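In: got a predicted model here, sequence first, then my questions.
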Amino acid sequence: MQTGRAMIRDALPIPFLPRAAGCPADAVEWIISTEPVAYQTAIATMEKRIADIADGTAPEAVWLLEHPPLYTAGTRARPDDLLEPDRFPVFHTGRGGEYTYHGPGQRIAYVMLDLKRREPDIRRFVAALEAWIIATLARFEVIGARREDRVGVWVERPDKPPLPDGAIAEDKIAAIGIRVRKWVTFHGISLNVDPDLEHYGGIVPCGVSGHGVTSLADLDLQVTMRQVDSALRSEFEAIFGAVSPA
(Lines give C-alpha, C1' and ligand atoms only; values in the text may rest on other atoms or scores of the structure.)
Protein backbone atom coordinates (compact mmCIF):
# COMPACT_ATOMS: atom_id res chain seq x y z
CA MET A 1 0.00 0.00 0.00
CA GLN A 2 1.29 3.42 -0.84
CA THR A 3 2.10 5.65 2.11
CA GLY A 4 2.14 9.37 2.71
CA ARG A 5 -1.46 9.97 1.66
CA ALA A 6 -3.72 11.53 4.29
CA MET A 7 -6.73 9.28 4.80
CA ILE A 8 -9.21 11.44 6.66
CA ARG A 9 -12.09 9.05 5.92
CA ASP A 10 -10.07 6.25 7.52
CA ALA A 11 -10.51 8.05 10.83
CA LEU A 12 -14.31 8.03 10.68
CA PRO A 13 -15.97 5.45 12.94
CA ILE A 14 -17.18 2.19 11.41
CA PRO A 15 -19.61 0.37 11.66
CA PHE A 16 -22.79 2.22 10.80
CA LEU A 17 -25.41 0.28 12.75
CA PRO A 18 -28.92 1.43 13.71
CA ARG A 19 -28.89 3.19 17.06
CA ALA A 20 -31.86 1.13 18.28
CA ALA A 21 -32.35 -2.34 16.91
CA GLY A 22 -33.09 -5.86 17.96
CA CYS A 23 -36.41 -6.96 16.45
CA PRO A 24 -36.87 -8.59 13.02
CA ALA A 25 -38.64 -5.49 11.72
CA ASP A 26 -35.33 -3.62 12.02
CA ALA A 27 -33.60 -5.82 9.45
CA VAL A 28 -32.67 -4.36 6.07
CA GLU A 29 -34.53 -6.08 3.23
CA TRP A 30 -32.05 -7.80 0.91
CA ILE A 31 -33.30 -7.93 -2.70
CA ILE A 32 -31.60 -9.57 -5.69
CA SER A 33 -32.82 -9.18 -9.28
CA THR A 34 -31.69 -12.02 -11.53
CA GLU A 35 -32.46 -10.27 -14.84
CA PRO A 36 -31.05 -6.90 -16.05
CA VAL A 37 -33.15 -3.96 -14.87
CA ALA A 38 -33.80 -0.92 -17.07
CA TYR A 39 -32.35 2.23 -15.53
CA GLN A 40 -35.65 4.14 -15.59
CA THR A 41 -37.35 1.24 -13.83
CA ALA A 42 -34.68 1.19 -11.14
CA ILE A 43 -35.02 4.92 -10.50
CA ALA A 44 -38.82 4.75 -10.24
CA THR A 45 -38.59 1.79 -7.88
CA MET A 46 -36.05 3.54 -5.65
CA GLU A 47 -38.07 6.75 -5.57
CA LYS A 48 -41.13 4.84 -4.36
CA ARG A 49 -39.19 2.84 -1.80
CA ILE A 50 -37.36 5.76 -0.21
CA ALA A 51 -40.64 7.67 0.14
CA ASP A 52 -42.09 4.67 1.96
CA ILE A 53 -39.00 4.39 4.16
CA ALA A 54 -39.24 8.08 5.05
CA ASP A 55 -42.93 7.60 5.91
CA GLY A 56 -42.17 4.57 8.04
CA THR A 57 -44.26 2.22 5.87
CA ALA A 58 -41.39 0.13 4.45
CA PRO A 59 -38.12 -1.22 5.83
CA GLU A 60 -34.71 -0.14 4.66
CA ALA A 61 -33.45 -2.07 1.64
CA VAL A 62 -30.43 -3.06 -0.40
CA TRP A 63 -31.17 -3.99 -4.01
CA LEU A 64 -28.60 -5.97 -6.00
CA LEU A 65 -28.94 -5.90 -9.78
CA GLU A 66 -27.31 -5.43 -13.17
CA HIS A 67 -28.19 -2.88 -15.84
CA PRO A 68 -28.01 -3.08 -19.64
CA PRO A 69 -25.02 -1.08 -20.99
CA LEU A 70 -25.47 2.64 -20.25
CA TYR A 71 -23.79 5.77 -18.97
CA THR A 72 -25.05 7.92 -16.11
CA ALA A 73 -24.15 11.53 -15.39
CA GLY A 74 -24.00 12.75 -11.81
CA THR A 75 -24.48 16.27 -10.59
CA ARG A 76 -20.83 17.20 -11.27
CA ALA A 77 -20.55 15.60 -14.72
CA ARG A 78 -18.63 17.70 -17.26
CA PRO A 79 -19.86 17.55 -20.89
CA ASP A 80 -16.31 17.06 -22.17
CA ASP A 81 -16.03 13.82 -20.19
CA LEU A 82 -18.67 12.17 -22.38
CA LEU A 83 -16.33 11.09 -25.18
CA GLU A 84 -18.78 8.98 -27.20
CA PRO A 85 -22.31 10.34 -26.62
CA ASP A 86 -23.90 7.95 -29.14
CA ARG A 87 -22.33 4.74 -27.87
CA PHE A 88 -24.85 3.89 -25.13
CA PRO A 89 -27.92 5.59 -23.64
CA VAL A 90 -26.99 8.43 -21.28
CA PHE A 91 -29.08 9.15 -18.19
CA HIS A 92 -28.74 12.33 -16.17
CA THR A 93 -29.37 11.52 -12.54
CA GLY A 94 -29.42 13.39 -9.26
CA ARG A 95 -26.73 11.31 -7.57
CA GLY A 96 -23.39 12.81 -6.70
CA GLY A 97 -20.35 12.32 -8.90
CA GLU A 98 -19.65 12.51 -12.61
CA TYR A 99 -19.95 10.07 -15.51
CA THR A 100 -19.89 6.34 -14.91
CA TYR A 101 -20.69 3.17 -16.79
CA HIS A 102 -23.13 0.41 -15.82
CA GLY A 103 -23.60 -2.86 -17.62
CA PRO A 104 -23.64 -6.65 -17.47
CA GLY A 105 -20.97 -8.19 -15.27
CA GLN A 106 -21.09 -5.29 -12.84
CA ARG A 107 -22.84 -5.72 -9.51
CA ILE A 108 -24.93 -2.69 -8.60
CA ALA A 109 -26.05 -2.33 -5.00
CA TYR A 110 -28.66 0.36 -4.47
CA VAL A 111 -28.59 1.20 -0.76
CA MET A 112 -31.74 2.68 0.76
CA LEU A 113 -31.10 3.42 4.43
CA ASP A 114 -32.65 5.84 6.89
CA LEU A 115 -29.75 7.85 8.29
CA LYS A 116 -31.96 9.14 11.10
CA ARG A 117 -31.96 5.59 12.47
CA ARG A 118 -28.18 5.44 12.27
CA GLU A 119 -26.29 8.71 12.09
CA PRO A 120 -27.23 11.75 9.95
CA ASP A 121 -23.66 12.03 8.68
CA ILE A 122 -23.27 11.65 4.91
CA ARG A 123 -19.49 11.63 4.97
CA ARG A 124 -19.47 8.84 7.50
CA PHE A 125 -22.01 6.94 5.39
CA VAL A 126 -19.77 7.17 2.31
CA ALA A 127 -16.82 5.94 4.38
CA ALA A 128 -18.94 3.00 5.54
CA LEU A 129 -19.80 2.15 1.92
CA GLU A 130 -16.10 2.20 1.05
CA ALA A 131 -15.32 -0.02 4.03
CA TRP A 132 -18.03 -2.44 2.89
CA ILE A 133 -16.49 -2.73 -0.58
CA ILE A 134 -12.95 -3.07 0.81
CA ALA A 135 -14.03 -5.86 3.16
CA THR A 136 -15.87 -7.62 0.32
CA LEU A 137 -12.78 -7.49 -1.90
CA ALA A 138 -10.67 -8.88 0.94
CA ARG A 139 -12.82 -12.03 0.80
CA PHE A 140 -11.19 -12.64 -2.59
CA GLU A 141 -7.70 -11.61 -1.41
CA VAL A 142 -7.88 -8.29 -3.26
CA ILE A 143 -6.52 -5.26 -1.42
CA GLY A 144 -8.82 -2.32 -2.03
CA ALA A 145 -8.09 1.18 -0.80
CA ARG A 146 -9.77 4.55 -0.54
CA ARG A 147 -8.10 7.76 -1.67
CA GLU A 148 -8.99 11.05 -0.06
CA ASP A 149 -8.93 12.88 -3.40
CA ARG A 150 -10.92 10.18 -5.26
CA VAL A 151 -14.16 8.64 -4.06
CA GLY A 152 -14.51 4.93 -4.70
CA VAL A 153 -12.24 1.95 -4.17
CA TRP A 154 -8.90 1.46 -5.90
CA VAL A 155 -6.37 -1.31 -6.36
CA GLU A 156 -2.65 -0.92 -6.98
CA ARG A 157 -1.34 -2.29 -10.28
CA PRO A 158 2.40 -2.88 -10.00
CA ASP A 159 2.12 -4.91 -13.22
CA LYS A 160 1.44 -1.66 -15.12
CA PRO A 161 3.84 1.20 -15.90
CA PRO A 162 4.17 3.65 -12.97
CA LEU A 163 2.45 7.02 -12.97
CA PRO A 164 4.36 10.09 -14.22
CA ASP A 165 5.34 10.96 -10.63
CA GLY A 166 6.79 7.47 -10.13
CA ALA A 167 3.91 6.23 -7.97
CA ILE A 168 2.45 2.77 -8.49
CA ALA A 169 -0.38 2.72 -11.04
CA GLU A 170 -3.88 2.35 -9.63
CA ASP A 171 -7.15 1.22 -11.18
CA LYS A 172 -10.68 1.79 -9.95
CA ILE A 173 -12.63 -1.37 -9.19
CA ALA A 174 -15.72 0.11 -7.52
CA ALA A 175 -17.63 3.38 -7.76
CA ILE A 176 -19.87 5.18 -5.28
CA GLY A 177 -22.60 7.67 -6.09
CA ILE A 178 -25.36 8.51 -3.63
CA ARG A 179 -28.28 10.84 -3.13
CA VAL A 180 -30.10 11.62 0.12
CA ARG A 181 -33.68 12.78 0.53
CA LYS A 182 -35.25 13.35 3.94
CA TRP A 183 -32.17 11.58 5.33
CA VAL A 184 -32.96 8.43 3.35
CA THR A 185 -30.19 7.33 0.99
CA PHE A 186 -30.52 5.96 -2.51
CA HIS A 187 -28.34 5.07 -5.49
CA GLY A 188 -25.24 3.38 -4.05
CA ILE A 189 -22.25 1.37 -5.29
CA SER A 190 -21.06 -0.56 -8.32
CA LEU A 191 -18.44 -3.30 -8.17
CA ASN A 192 -16.77 -4.58 -11.33
CA VAL A 193 -16.95 -8.37 -11.36
CA ASP A 194 -16.57 -9.18 -15.07
CA PRO A 195 -17.90 -6.30 -17.20
CA ASP A 196 -16.58 -5.37 -20.65
CA LEU A 197 -13.98 -2.81 -19.58
CA GLU A 198 -13.78 -1.42 -23.13
CA HIS A 199 -17.20 0.10 -22.52
CA TYR A 200 -15.56 2.63 -20.20
CA GLY A 201 -13.83 4.08 -23.25
CA GLY A 202 -16.81 6.29 -24.05
CA ILE A 203 -16.36 8.41 -20.92
CA VAL A 204 -13.77 9.75 -18.52
CA PRO A 205 -14.85 7.53 -15.60
CA CYS A 206 -15.85 9.65 -12.62
CA GLY A 207 -13.96 12.55 -14.16
CA VAL A 208 -10.61 11.00 -13.20
CA SER A 209 -8.01 10.82 -15.96
CA GLY A 210 -4.61 9.24 -15.53
CA HIS A 211 -6.01 6.13 -13.85
CA GLY A 212 -7.64 3.04 -15.29
CA VAL A 213 -10.50 0.74 -14.37
CA THR A 214 -10.31 -2.91 -13.48
CA SER A 215 -12.46 -5.83 -12.38
CA LEU A 216 -12.12 -9.07 -10.49
CA ALA A 217 -11.84 -10.89 -13.83
CA ASP A 218 -9.20 -8.41 -15.03
CA LEU A 219 -7.23 -9.31 -11.88
CA ASP A 220 -7.38 -12.97 -13.01
CA LEU A 221 -9.97 -13.97 -10.44
CA GLN A 222 -12.71 -16.33 -11.56
CA VAL A 223 -15.50 -15.22 -9.23
CA THR A 224 -19.21 -15.73 -9.81
CA MET A 225 -21.87 -13.12 -9.15
CA ARG A 226 -23.36 -15.46 -6.56
CA GLN A 227 -20.06 -15.53 -4.68
CA VAL A 228 -19.84 -11.73 -4.81
CA ASP A 229 -23.40 -11.41 -3.54
CA SER A 230 -22.65 -13.74 -0.62
CA ALA A 231 -19.56 -11.73 0.34
CA LEU A 232 -21.45 -8.43 0.00
CA ARG A 233 -24.19 -9.68 2.30
CA SER A 234 -21.85 -10.96 5.01
CA GLU A 235 -19.77 -7.79 5.06
CA PHE A 236 -22.85 -5.56 4.92
CA GLU A 237 -24.22 -7.19 8.06
CA ALA A 238 -20.93 -6.59 9.86
CA ILE A 239 -21.05 -2.87 9.11
CA PHE A 240 -24.73 -1.94 8.73
CA GLY A 241 -26.61 -4.65 10.66
CA ALA A 242 -28.92 -7.58 10.01
CA VAL A 243 -30.67 -8.21 6.71
CA SER A 244 -33.77 -10.19 5.80
CA PRO A 245 -34.65 -12.77 4.73
CA ALA A 246 -32.26 -14.38 7.21
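Out: Looks like it arrived, so ask away.

In: hang on, G210 packs against P162?
Out: No. In this structure, G210 is not within contact of P162 by Cβ atoms under 8 Å, at 11.7 Å. (C-beta placed from N, C-alpha, C; glycine too.)

In: look through this protein and tell me its longest strand.
Out: strand 170-181 (DSSP state E).

In: now do the shared contacts for G210 and P162.
Out: Common neighbours of G210 and P162 are not found (criterion: Cβ atoms under 8 Å, 6 or more residues apart in numbering).

In: ok, the residue nearest to the spatial centre of the chain - contacts?
Out: Central residue of the chain (Cα atoms, centre = their mean): I189, 1.4 Å from the mean position. Counting by Cβ under 8 Å, 6+ apart, I189 makes contact with 108-109, 111, 129, 132-133, 174-176.

In: wait, H187 touches Y110, no?
Out: Yes. Using Cβ under 8 Å, H187 is in contact with Y110, at 6.3 Å.

In: joint contacts of those two?
Out: Common neighbours of H187 and Y110 (Cβ under 8 Å, 6+ apart) are M46.

In: hmm, back to that, CSV for the contacts of I189, including pLDDT, distance to W183 and neighbour count?
Out: As requested, the contacts of I189 are exported to CSV (pLDDT from 0 to 100; distance: Cβ to Cβ, whole Å; neighbours: other Cβ atoms under 10 Å):
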residue, pLDDT, distance to W183, neighbour count
I108, 98, 22, 21
A109, 98, 19, 25
V111, 98, 13, 23
L129, 96, 16, 26
W132, 97, 19, 26
I133, 98, 22, 23
A174, 97, 24, 26
A175, 93, 23, 26
I176, 93, 18, 24
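
In: next, count neighbours for Q227.
Out: 15 (other Cβ atoms under 10 Å).

In: just checking, it is part of a strand?
Out: No. Counting by DSSP: H, G, I helix; E, B strand; the rest coil, Q227 is not found in a strand; it is helix.

In: look up how far S234 lies from it.
Out: Distance from Q227 to S234, counting by Cβ to Cβ, to the nearest Å: 11 Å.

In: repeat that for R123.
Out: 25 Å.

In: neighbour count: those two, which is higher?
Out: A direct count of neighbours by other Cβ under 10 Å for R123 and S234 places S234 higher, at 13 against 10.

In: secondary structure class of the more buried one, three-state.
Out: Classified using three-state DSSP, S234 is helix.
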